[in-house]
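In: I need the structure of the sequence given here:
(chains A and B)
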Amino acid sequence: MAGDLICRCRKRLAQGFTVEADFTIPLDRAPVTVLFGPSGAGKTTLLRLLAGLEKPDAGTIAFRGRTWFDSSTGVSLPPARRRAGFVFQDYALFPHLTVTQNVEFGAPRNSSAAVLRQFGLAELANRLPRQLSGGEQQRLALARAVAAAPELLLLDEPLSALDLNSRVKLRHELRRMLLAAAVPSLVVTHDRAEAMVLGDFLAVMVEGRLRQLGPVEEVFRRPADPETAVALGIENVLPAEVESRANGLIQLRAGHARLECVDRGETGAVLALFRAEDVTLSRNLAPGSARNHLPGRVTGVAREGPVARVELDCGLPLVALVTAQSVADLDLRLGQTIYASVKATAIHLLGGAGCQAC
Amino acid sequence: MDWQAIFLSLRLATLTTGLLLVAGAPLAYWLAFSPRRWKFAVEAVVALPLVLPPTVLGFYVLVAIGPHSPIGALYQKLSGGTLPFSFGGLLVGSLLYSLPFTVQPVAAAFAGVDRRLIEAGRCLGASPWKIFIRVVAPLSRGGIATGAILTFAHTVGEFGVVLMVGGNIAGSTRTVSISIYDQVEALDYAAAWHTSLLLAGFSFVVLVLAYSMGRRGGSLWPAI
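Out: Reported below is the predicted structural model:
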């Protein structure tokens, strides 16, 4: 389609790691696409390939019907001619130029007033970048890219240089600014919450490959494969077998345990996926709306600030994410017997015959 | 004191510094940013005057600009004069002799500019020339100033190359360092004292300046 970003290329990095991408992003339908994946998955490299800051070893890149790179014909447009604005992770603001001069670097002189207002920088027009707060620098980096009238914005971990508080505050603001700029954007992040707030589309990258691309909700709900599920932070990926179905529910056999989940027509061997947050723990078998109650033993407790990751052996390995307070209240110890509960609706099945997602 | 020689040295140093900044900047830029594997060979050639005896360099320059060489012949055809034992010849020798003093600090300063700033400029649609003028050069001020000061001072102080290429012609090729040599030869120790003290003081001031620049713009001899 005319508005698409098409990328089919390969780049071997010095570390012996290869980035391979084969995707089409319908930018006209998705104002903000998030490129998501763990650190070292090749997200930044892919962004640099798109910007023209690095050359693929082979392949093609085309945007809105215009070829940016084609190894077979030797076409390789320099960054200046791709009109793709790049927002660097640490902003790369020109330290010796004022806010106005930074914004006008890629734009005509005296054209910055509207952009400065749009990004709330009008009051700071004559300051140098080092006299700005982290959030202001971030806005300036985006304003500078937008002022150059790009057709595509590429943002590399735009909020990661900020402290946690401003990062959370700026997420929504960044999405508003990206929508206001009315330029399709590709945003790299490894933060799940950031991905969900910022993105319309989600592209998941694992080990140099783009594994799945789709609407954010859809990708989080139905990961295409186990690696994507793990990359998305879905900790429990269990091999299971569909045993029976009744009343819109499926009975699964997973290891020595049984699980129930919503019937979407899967049969045979499947993977049962659910998030660690969706597992609740209790000392006794507690009746409630959750359909699955698995007795098990605590095999590990790792505190991470206010939360704790609890590993269980329920005849199958499970991970639960609970508050540190709950660990204290339940007096969780290694080897202790405990019940893990999971709602049937929290379990997503992958694979098996009849599964549309795979 | 031989004021004629002092002014000649200052004129030579000013011209050498100015020309080297113009000619050395592209070379420094290439050394700082070229991905070529063999650029270390060019770096070695640029650094050669640092280790070569000035008489050797002077001898080669003398031969290269002589009337029997292509360069000398061309110069004679164009200007009617000859390069050896003239101010023009002296300038050629000085340019080569001081080349590393300009190129090394400037290249180091260029290489020290954050690559992402250059990439940011490219993504903003700027030409390489605009990026050089607006980003690389301003952020390399310290290194450029250091290079200029060192080149100037080094040219004022040169002796061997001047003697080989320029000879010792008053008002044309007799520089201040040669004038000291003359004064000692003539056993005029008082004049030699004065001129030497002037040069020593000048050199000290120059180094103080250069090191103070270095504090702000990177060290004096950073690796390229």
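
In: Get me the contact residues on chain A for chain B.
Out: Selection of chain A residues close to chain B by C-beta under 8 Å from any C-beta of the partner chain yields A:51-53, A:78-81, A:83-86, A:88, A:90, A:92-97, A:105-106, A:144-145, A:148. To be clear about C-beta, it is placed using only N, CA and C from the backbone, and glycine gets the same treatment.

In: What subset of these is buried?
Out: A:51-53, A:79-80, A:83-86, A:88, A:92-94, A:96-97, A:105-106, A:144-145, A:148 (16 or more other C-beta atoms under 10 Å in any protein chain shown).

In: picking that back up, give me the subset of the residues of chain A next to chain B that lies in strands.
Out: Those of the residues of chain A next to chain B mapping onto strands are A:84, A:85, A:86, per DSSP state E.

In: Let me see the contact set for the closest residue to residue A:271 other than its chain neighbours.
Out: Distances taken as C-beta to C-beta, 6 or more residues apart in numbering or on different chains put residue A:350 closest to residue A:271, at 4.2 Å, once the chain neighbours are dropped. Listed by C-beta atoms under 8 Å, 6 or more residues apart in numbering or on different chains, the contact partners of residue A:350 are A:222, A:223, A:224, A:225, A:226, A:229, A:270, A:271, A:272, A:273, A:357, A:358.

In: can you rerun that using 7 Å?
Out: Going by C-beta atoms under 7 Å, 6 or more residues apart in numbering or on different chains, residue A:350 touches A:223, A:270, A:271, A:273, A:358.

In: What of residue A:295?
Out: A:314, A:337, A:339.

In: And for residue B:120?
Out: So residue B:120 contacts A:86, A:88, A:92 (C-beta under 7 Å, 6+ apart).

In: again, only using 6 Å
Out: When contacts are counted by C-beta atoms under 6 Å, 6 or more residues apart in numbering or on different chains, residue B:120 touches residue A:92.

In: and chain B, which residues reach chain A?
Out: B:116, B:117, B:119, B:120, B:122, B:123, B:124, B:125, B:138 (C-beta under 6 Å from any C-beta of the partner chain).

In: tell me the SS of the closest residue in space to residue A:226 that isn't next to it in sequence?
Out: Closest residue to residue A:226 apart from its sequence neighbours, by C-beta to C-beta, 6+ apart: residue A:237 at 4.9 Å. In terms of secondary structure, residue A:237 is strand; the call rests on DSSP: H, G, I helix; E, B strand; the rest coil.

In: I'd like to know how many residues surround residue A:237.
Out: 18 (other C-beta atoms under 10 Å in any protein chain shown).

In: my guess is it meets residue A:227, correct?
Out: No: judged on C-beta atoms under 6 Å, residue A:237 makes no contact with residue A:227 at a distance of 9.2 Å.

In: need the contact list for residue 71.
Out: Just so you know, I chose chain A. A:58, A:59.

In: Oops, wrong one, chain B.
Out: Residue B:71 makes contact with B:64, B:65, according to C-beta under 6 Å, 6+ apart.

In: Pretty sure it sits in a helix.
Out: Yes: counting by three-state DSSP, one finds residue B:71 located in a helix.

In: now it: how far from chain A?
Out: Residue B:71 is 38 Å from chain A, where distance means C-beta to the nearest C-beta, to the nearest Å.

In: Which single residue of chain B ends up nearest chain A?
Out: Nearest residue of chain B to chain A, counting by C-beta to the nearest C-beta: residue B:124, 3.0 Å away.

In: Give me the neighbour count for that residue.
Out: By other C-beta under 10 Å, 25 other residues sit near residue B:124.

In: which helices and strands sit right next to the helix or strand of chain B with the lowest mean pLDDT?
Out: Every helix and strand in chain B was compared by mean pLDDT, DSSP states H and E; the lowest is helix B:189-217, with a mean of 84. In terms of contacts (3 or more C-beta pairs under 6 Å, 6 or more residues apart in numbering or on different chains; DSSP states H and E), helix B:189-217 is packed against helix B:141-157, helix B:176-185.

In: looking at these, which is buried most?
Out: The highest average neighbour count among these, using mean count of other C-beta atoms under 10 Å in any protein chain shown, belongs to helix B:141-157 at a mean of 23.

In: Good, wrapping up.
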